[in-house]
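Undergrad: Sequence plus the predicted model coming up.
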Amino acid sequence: MALVKIADAYPNYKQDIFAGDDIKGYGVYTEGEEKVGEVHDALLDETGRFRYLVIDTGFWVFGKKVLLPVGRAMMDYNQRRVYVTGLTKEQAQNLPEYNDDMTVNYDYEEQVRNIYRTPSAGTTTTAAQATTYNPDSYDYDYEPALYATNEQNHQKLKLYEERLVANKERYKAGEVAVGKRVETQTARVSVPVEKERVIVERTTPSNVREVTPGEADFREGEVARIEVYEESADIQKKAFVREEVSVRKEVERDTVDATETVRREELEVDVNGKPIVQNNR
């Protein structure tokens with residue numbers, strides 16, 4: 001589980017979470033009013049939940065920085081203090097040192113948790129503390145004594161819930177190009193044509209008779225003229241509109257459904273006696 005510093009997760013955390021205040025610099029004290037050091041930073045998980053306060057122990061433990069699980073902290077915003085529950089000086093000395101450049105991984109967290117799981121004076125080992133964890137199965141919710149927050153001790157530490165946020169991304173799915181190409185082929189056409197021809201027929205009368213004197217009219221140069229016509233094929237190439245193509249787009253709409261498990265934090269308020277509690281929301 002990746003942990004991030006509060007300023008990396010919420011650049012405006014002073015306004016967004018602490019109403020203009022800054023948790024960094026809060027004094028850290030034991031329940032017996034012994035000063036442990038100051039809050040150096042805070043670490044959140046990927047869901048935005050507070051998991052650790054980074055404590056600069058100052059002169060209490062030779063000035064090293066250690067992690068304090070948020071469930072072991074009680075916030076006093078009026079006095080700008082954090083009270084540590086169940087942490088002894090010996091445990092603080094045994095905690096692995098934290099530095100700003102390191103990556104907090106599961107093995108490092110287990111070193112921290114094992115120190116806090118060690119029973120202090122007057123306490124006994126719980127079933128949860130005796131459980132063996134591994135990186136694949138561990139969940140912070142398994143150890144509420146270390147990581148649970150409540151309204152009494154952590155008034156300004158936000159409670160978070162997960163929600164499904166649906167967005168649409170537009171991307172180029174493809175491209176259609178419509179163009180023209182020229183194809184050639186051999187075309188054949190048949191055109192019927194007419195030609196006139198002159199036929200000269202010469203016949204001998206079957207009944208030959210003698211013409212009377214003066215009936216025969218002999219003329220020199222008499223000519224009979226007949227005009228003769230014929231057709232020729234006139235074949236030309238001309239362009240015509242064969243087909244019209246229009247290109248357009250249509251939008252098809254569909255609904256994508258998604259189902260996911262989301263989590264949310266709820267407040268748990270422990271009441272002793274009969275105090276008057278007003279829950280304003």
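TA: All right, it came through fine.
Undergrad: And the helices in this protein?
TA: In the chain, the helices defined using DSSP state H lie at 6-9, 13-16, 89-94, 106-117, 144-147.
Undergrad: Let's have those in JSON lines, adding mean pLDDT and mean neighbour count.
TA: Bear in mind the C-beta positions are built from the backbone N, C-alpha and C, glycine included. Shown next, in JSON lines, are the helices of the chain (pLDDT from 0 to 100; neighbours: other Cβ atoms under 10 Å):
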{"stretch": "helix 6-9", "mean pLDDT": "88", "mean neighbour count": "15"}
{"stretch": "helix 13-16", "mean pLDDT": "82", "mean neighbour count": "14"}
{"stretch": "helix 89-94", "mean pLDDT": "88", "mean neighbour count": "15"}
{"stretch": "helix 106-117", "mean pLDDT": "91", "mean neighbour count": "16"}
{"stretch": "helix 144-147", "mean pLDDT": "90", "mean neighbour count": "18"}
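Undergrad: CSV please, covering those and showing distance to Y138.
TA: As requested, the helices of the chain are exported to CSV (distance: least, Cβ to Cβ, whole Å):
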stretch, distance to Y138
helix 6-9, 21
helix 13-16, 26
helix 89-94, 21
helix 106-117, 7
helix 144-147, 11
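Undergrad: Quick check: which of those helices is nearest to H154?
TA: helix 144-147 (11.0 Å; Cβ to Cβ).
Undergrad: now the closest one: how far from the chain's centre is it?
TA: 34 Å (Cα atoms, centre = their mean, to the nearest Å).
Undergrad: got it, and stretch 57-64?
TA: Worked out by Cα atoms, centre = their mean, stretch 57-64 lies 45 Å from the chain centre.
Undergrad: Identify the residues contacting it?
TA: 34-38, 56, 65-66, 89, 92-93, 97-98 (Cβ atoms under 8 Å, 6 or more residues apart in numbering).
Undergrad: 10 Å instead, please
TA: 27-28, 30, 34-38, 40, 55-56, 65-66, 89-99 (Cβ atoms under 10 Å, 6 or more residues apart in numbering).
Undergrad: list the buried ones in it?
TA: Buried residues in stretch 57-64, counted by 16 or more other Cβ atoms under 10 Å: 57-58, 60-61, 64.
Undergrad: now that stretch: mean pLDDT?
TA: Average pLDDT, stretch 57-64: 85.
Undergrad: got the end-to-end distance for that stretch?
TA: 6 Å (Cα to Cα, to the nearest Å).
Undergrad: again, but for stretch 64-84
TA: Using Cα to Cα, the distance between the terminal residues of stretch 64-84 is 16 Å.
Undergrad: just how off-centre is it within its chain?
TA: 38 Å.
Undergrad: R263 is nearest to which of the helices of the chain?
TA: With Cβ to Cβ as the yardstick, what comes closest out of the helices of the chain is helix 144-147 (13.7 Å).
Undergrad: What lies in contact with that closest one?
TA: 45, 49-52, 68-72, 85-86, 109, 112-113, 116-117, 126, 128-129, 139-141, 150, 268.
Undergrad: C-alpha coordinates for it, PDB please?
TA: This file holds the C-alpha atoms of helix 144-147, laid out as PDB (Å, rounded to 0.1, in the frame of the first residue of the first chain):
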ATOM      1  CA  PRO A 144      -8.400  -0.600  14.600                       C
ATOM      2  CA  ALA A 145      -6.400   0.000  17.700                       C
ATOM      3  CA  LEU A 146      -3.600   1.400  15.400                       C
ATOM      4  CA  TYR A 147      -5.500   3.000  12.600                       C
END
